[in-house]
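Peer 1: next comes the sequence, and after it the predicted model I'd like to discuss.
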Amino acid sequence: MNNRTVRFLLNPFERIAGFQALSWGFLGLVLSIGLAYFTDYHYHGLLHYGSAPNPVWWCFMAEHFIVWLIPALLFYIGGMLLSRSKIRALDVFGTVLFAQIPLLFTNLIVFLPFYKQMSAIDPTGPLQEQIAQASELMLQPGFWLGLWLSLVAFVFVIWMGYLMFKALAVSCNLKGTKLAILFCIGFFGGDFICRIIINLLYS
């Protein structure tokens, strides 16, 4: 992998922005919704995933749009307040959506039998039952492969966060303390707001 490719993977927004970023990001969004629907993999927030009691198709679509729009909206509002540059909504929303493409890879691990068994463990159930289920899971032939792939999926989540940081920096032309503060508000605060809104879909 040459330096140009690495540079693109770490900051694609030097070359992709606006409508182009929005188009590629929307394609990733559609694919992610499809994978989530067929594997019953829900987005509880930007950083939280798993099962949920509402399996209808529109719920998966709503989850994905909420996870995109809430952080992007926080970035956009913050950029308008903190940046001296002219901020375009198309650039902010497009680059944020493009930055979330790595989440596609987290969807793929759900096809593994290991993940299905792991998600079947009820964290609210009796402790002895949880231990028994976890022990049985560790004896499965694909346990270590599934665990390794789960760690790989976590790397893609980190990559997504890094790309969102770059998306904010480029689309709002921010640096330093302002960039760090707004990113934390939009990323972690956005995740919290997403979880509150998405939880309403299950009631």
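Peer 2: Structure received. This one's a predicted model, so the numbers in the text were calculated from it and none came from an experiment. Numbers count the residues shown, from 1 in each chain.
Peer 1: switch to C-alpha atoms for all contacts and neighbour counts from now on
Peer 2: Will do.
Peer 1: my read is that Asn199 contacts His44, right?
Peer 2: Yes - contact criterion C-alpha atoms under 8 Å: Asn199 and His44 qualify, at 7.3 Å.
Peer 1: now for Leu200, how many residues are close by?
Peer 2: By other C-alpha atoms under 10 Å, 8 other residues sit near Leu200.
Peer 1: part of a helix, is it?
Peer 2: Yes - when DSSP: H, G, I helix; E, B strand; the rest coil is applied, Leu200 is found to be in a helix.
Peer 1: pLDDT value on it, please?
Peer 2: We have a pLDDT of 92 for Leu200.
Peer 1: excluding chain neighbours, what is closest to Ala21?
Peer 2: Of all residues not flanking Ala21 in the chain, Gly94 sits nearest, at 5.0 Å (C-alpha to C-alpha, 6 or more residues apart in numbering).
Peer 1: in a helix, the one you found, correct?
Peer 2: Yes - counting by three-state DSSP, Gly94 falls inside a helix.
Peer 1: Pro55 sits in which helix or strand?
Peer 2: Under DSSP states H and E, no helix or strand contains Pro55.
Peer 1: mind listing what it touches?
Peer 2: Applying C-alpha atoms under 8 Å, 6 or more residues apart in numbering, one finds that Pro55 lies in contact with 37, 40.
Peer 1: and it, what's its pLDDT?
Peer 2: pLDDT, Pro55: 86.
Peer 1: would you check how far apart it and Lys178 are?
Peer 2: Note on Pro55: its distance to Lys178, by C-alpha to C-alpha, to the nearest Å, is 40 Å.
Peer 1: state the mean pLDDT of the helix or strand harbouring Leu27.
Peer 2: Applying DSSP H and E as the criterion places Leu27 in helix 18-39. On average, the pLDDT along helix 18-39 is 92.
Peer 1: C-terminal to it, what's the next element?
Peer 2: strand 42-43.
Peer 1: sheet partners, orientation included, of that next one?
Peer 2: strand 49-50 (antiparallel) (DSSP bridges).
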